[in-house]
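Enquirer: mind looking at a prediction? Sequence and model below.
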Amino acid sequence: MIASLALILLAQLVGEALARGFGLPVPGPVIGMGLMVGFLFLRDARRSPLPRLLPAPLTDGTLEAMAKGLLVNLSLLFVPAGVGVVGRLDLIRTQGLKLAVILLVSTAVSLLTTVLVFRGVMRLVEGRGPDRDS
Amino acid sequence: MVEGDFSLWVYLARTPLLWLTVTLTAYVAADRIAAATGRHPLANPVLLSVVFVAAVLFATGTPYPTYFEGAQFVHFLLGPATVVLAFPLYERRATVMRALLPMLAALAAGAGMTLICVIALARLFAVPQPVVVSLAPKSVTSGVAMGIAATLGGDPTLTAILVILTGIIGAILVTPMMQALGITDMRARGFAAGLAAHGIGTARAFQVSEVAGTFAGIAMGLNAFLTAILAPLALHLLT
């Protein structure tokens, strides 16, 4: 468990360092996600020496279990920041109604545009009509 | 209140233990309620937990910074949770690669349209300029959104609030909207949730399906990147 946590934190740390060091517009943890995908490819590559060299928790599924545990409770992690909203409601009160309308409409438009373009291009690429359930 | 009780309260209120416990307990309760409603979109666990915790803070007169000192341990895990989005992505890499073109097209259209829509509406309602700037990156994950707002002369704390509200709105809207449109492709639904509503949308997508969650995570990462580039451009052109 500790080895898994250390690896996850290491990926984030390197990601943050790269993001800050090169002034990239991508958040550090997102770069860390890319690094972690790279690690998984290397680990699982045929004839990779990594499984023999790495601590067991990184190869026996412990790492995967920890990842799943974090993602299952992703909602929890937004609670502390979310409570901050309630603490600053006074700030929104002056522009409240306008902001509410803007947020509602733009989020709906955002969802709609994205899903329709995704589906439209998907149909073009797959060259046929019906949706596929997955 | 007896003096002994009060000093106990003062002691507890100052340690991370109390607020960490309150956060976790509120979430467990919220999650139970969400599960009991069959994960109804309106029973959003983030929204419910926030309401519960806020009620406790209000009842005890606790200022937000005191609360956050304890709850920051939970907040900190947002970074590692983003890193581990690598796992569903890696596991489903074949599915993801097949959808590369639709993803890129949806990303460009979604990010562009969100910015145009937000700025146009803000103009229409005559919202002051610093607020417009704070609004522009609202669909992006909070850390990046605050950075964008600060660079362009907005108010990062206002942006953080707008980002969280957008996330909750998106997470509530996405399922009924997709249902009404008859869209059953979980890749498309997830991607839209992640693009419009970042991590909170991604959390919602994972509740619905793991494929949706995977695509939401990708959309969140890509949108942070693209909006950081497009936001200054859009604000320049549209104001």
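Expert: Thanks, I have the structure now. Numbers count the residues shown, from 1 in each chain, chains lettered A, B, ... in the order given.

Enquirer: roughly how far is stretch A:40-54 from the heart of the chain?
Expert: For stretch A:40-54, the separation from the chain centroid amounts to 24 Å (computed by C-alpha atoms, centre = their mean, to the nearest Å).

Enquirer: now do the helices in chain A.
Expert: The residue ranges that make up the helices of chain A, judged by DSSP state H, are A:2-21, A:28-44, A:50-53, A:62-72, A:79-87, A:89-93, A:96-126.

Enquirer: what does the fifth one contact?
Expert: The set of residues that contact helix A:79-87 without belonging to it, under C-beta atoms under 8 Å, 6 or more residues apart in numbering or on different chains, is B:23, B:26-27, B:46-47, B:49-51, B:53-54, B:57, B:63-64, B:67-68, B:71-72, B:74-75, B:142, B:160-161, B:164-165, B:168. (C-beta placed from N, C-alpha, C; glycine too.)

Enquirer: one more time with 7 Å, if that's ok
Expert: Defining contact as C-beta atoms under 7 Å, 6 or more residues apart in numbering or on different chains, one finds that helix A:79-87 is touched by B:23, B:26-27, B:46, B:49-50, B:53-54, B:64, B:67-68, B:71-72, B:74-75, B:142, B:160-161, B:164-165.

Enquirer: with the shortest one instead?
Expert: Judged by C-beta under 7 Å, 6+ apart, the contacts made with helix A:50-53 from elsewhere in the structure are A:42-43, A:59.

Enquirer: give me the low-pLDDT residue ranges for chain B?
Expert: Filtered on pLDDT under 70, chain B yields the residue ranges B:1-4.

Enquirer: ok so, going back, considering only the contacts of helix A:79-87, which also neighbour chain A?
Expert: Counting by C-beta under 7 Å from any C-beta of the partner chain, B:23, B:26-27, B:46, B:49-50, B:53-54, B:64, B:67-68, B:71-72, B:74-75, B:142, B:160-161, B:164-165 from these sit close to chain A.

Enquirer: ChimeraX command for the buried members of those?
Expert: Buried subset of the ones next to chain A among the contacts of helix A:79-87, written as a ChimeraX selection, criterion 16 or more other C-beta atoms under 10 Å in any protein chain shown:
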select /B:23,26,27,46,49,50,53,54,64,67,68,71,74,75,142,160,161,164,165
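
Enquirer: could you find the closest non-adjacent residue to residue 57?
Expert: Let's take chain A. Setting aside the residues directly before and after it, residue A:57 is nearest to residue A:3 in space (C-beta to C-beta, 6 or more residues apart in numbering or on different chains), at 4.5 Å.

Enquirer: switch to chain B, that's the one I care about
Expert: Of all residues not flanking residue B:57 in the chain, residue B:67 sits nearest, at 5.7 Å (C-beta to C-beta, 6+ apart).

Enquirer: what's the spacing between the helix or strand that neighbour falls within and its chain's center?
Expert: Secondary-structure element containing residue B:67, defined by DSSP states H and E: helix B:64-76. In this view, helix B:64-76 has its centroid 17 Å away from the chain centroid, taken as C-alpha atoms, centre = their mean.

Enquirer: cool, stretch B:147-154 as well?
Expert: Taking the mean C-alpha point of stretch B:147-154 and that of its whole chain, the gap between them comes to 18 Å (C-alpha atoms, centre = their mean).

Enquirer: now it: buried residues?
Expert: The neighbour-count criterion (16+ other C-beta under 10 Å) identifies B:147-149, B:152, B:154 as the buried residues of stretch B:147-154.

Enquirer: now those as JSON lines including distance to chain A and secondary structure?
Expert: As requested, those are exported to JSON lines (distance: C-beta to the nearest C-beta, whole Å; DSSP: H, G, I helix; E, B strand; the rest coil):
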{"residue": "B:147", "distance to chain A": "8", "secondary structure": "helix"}
{"residue": "B:148", "distance to chain A": "8", "secondary structure": "helix"}
{"residue": "B:149", "distance to chain A": "13", "secondary structure": "helix"}
{"residue": "B:152", "distance to chain A": "12", "secondary structure": "helix"}
{"residue": "B:154", "distance to chain A": "13", "secondary structure": "coil"}
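
Enquirer: only alpha carbons, please: show the helix holding residue B:67 as CSV.
Expert: Coordinates of each C-alpha in helix B:64-76 appear next as CSV, following Å, rounded to 0.1, in the frame of the first residue of the first chain:
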residue,chain,number,x,y,z
TYR,B,64,-14.4,28.2,6.9
PRO,B,65,-10.6,28.4,7.3
THR,B,66,-10.8,26.5,10.6
TYR,B,67,-12.8,23.8,8.9
PHE,B,68,-10.5,23.7,5.9
GLU,B,69,-7.4,23.2,8.2
GLY,B,70,-8.9,19.8,9.0
ALA,B,71,-10.5,19.0,5.7
GLN,B,72,-7.5,19.8,3.7
PHE,B,73,-6.3,16.2,4.0
VAL,B,74,-9.3,15.2,2.0
HIS,B,75,-8.8,18.1,-0.4
PHE,B,76,-5.2,17.1,-1.0
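
Enquirer: following element in sequence after that helix, please.
Expert: If you walk from helix B:64-76 toward the C-terminus, the next helix or strand you reach (DSSP H and E) is helix B:78-83.

Enquirer: packing partners of the helix or strand following that following helix?
Expert: Later in the chain than helix B:78-83, the nearest helix or strand by DSSP H and E is helix B:86-91. Helix B:86-91 sits against helix A:28-44, helix B:210-238, with contacts defined as 3 or more C-beta pairs under 7 Å, 6 or more residues apart in numbering or on different chains; DSSP states H and E.
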